[in-house]
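S.K.: Attaching a predicted model along with its sequence, questions to come.
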Amino acid sequence: MDLMALYFEDLKPGRVFKAGPITVDPTQASEFARQYDPQPFHLKEAAGAASVFGSLVISGWQTAAYSMRMLADSELAGIANGLVGLQIDKLMWHQPVQPGDVLSTEFDVMSRKQSRSKPGFGVVQLAWRTFNQRGELVMSLENAIWVAVRGEGQGPSHG
């Protein structure tokens, strides 16, 4: 992916970045569950059907991993200093995700503030919203990322 570098100045509140779609692979879902979240409703159709979910569902942690993958494949991957996360807040799983679902994510710039302690950098707050193929919100979170301020000779701002 050939991206123009993004800097603090480019990430204005209200700007939205969209990513995806990505299809939840049933084999990957099963492997992820076996390795990281081996609960019966993630592993067996019958257990999923008998659960509160009513069907086999993937781990919420895998939904978060798919969302991170979409971030890494989005225009935000062009942040000049890389995708450096500082914290995650308000992680919520709103709807279960099933193998075969198609996910997409929106990343909204909520706010930004230049660092007083680290000149040349700022903190940008993002809101993530991940949706399934029916447009249902399946996951949301807020996170702070560390972003370089544009320096002399680093090119024009865009966006």
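M.R.: All right, it came through fine.

S.K.: so where do the helices sit in this structure?
M.R.: Remark: helices assigned in the chain by DSSP state H are 26-36, 40-43, 45-50, 60-72.

S.K.: Out of those helices, flag the one nearest Pro99.
M.R.: For the helices of the chain, distance to Pro99 was read as CB to CB. The smallest value, 3.7 Å, belongs to helix 26-36. C-betas here are computed from N, CA, C, even on glycine.

S.K.: Buried residues, that closest one. List them.
M.R.: Taking 16 or more other CB atoms under 10 Å as the neighbour-count basis, helix 26-36 is seen to contain the buried residues 29-30, 32-33.

S.K.: Next: stretch 113-130.
M.R.: Neighbour-count burial for stretch 113-130, counted by 16+ other CB under 10 Å, picks out 122-130.

S.K.: so of these, which ones are in strands?
M.R.: Among those, the members falling in strands (DSSP state E) are 122-130.

S.K.: Low-confidence stretches in this protein?
M.R.: 1-3, 152-159 (pLDDT under 70).

S.K.: now with 50?
M.R.: Within the chain, the stretches with pLDDT under 50 are 1-2, 152-159.

S.K.: List the neighbours of stretch 11-19 that are in contact with it.
M.R.: Contacts made with stretch 11-19 from outside it, assessed by CB atoms under 8 Å, 6 or more residues apart in numbering, are listed as 70-71, 73-76, 104-112, 124, 147, 159.

S.K.: go again using 10 Å as the cut-off
M.R.: Contact partners of stretch 11-19, identified using CB atoms under 10 Å, 6 or more residues apart in numbering, comprise 6, 67, 69-77, 79, 103-112, 122, 124-130, 145, 147, 157, 159.
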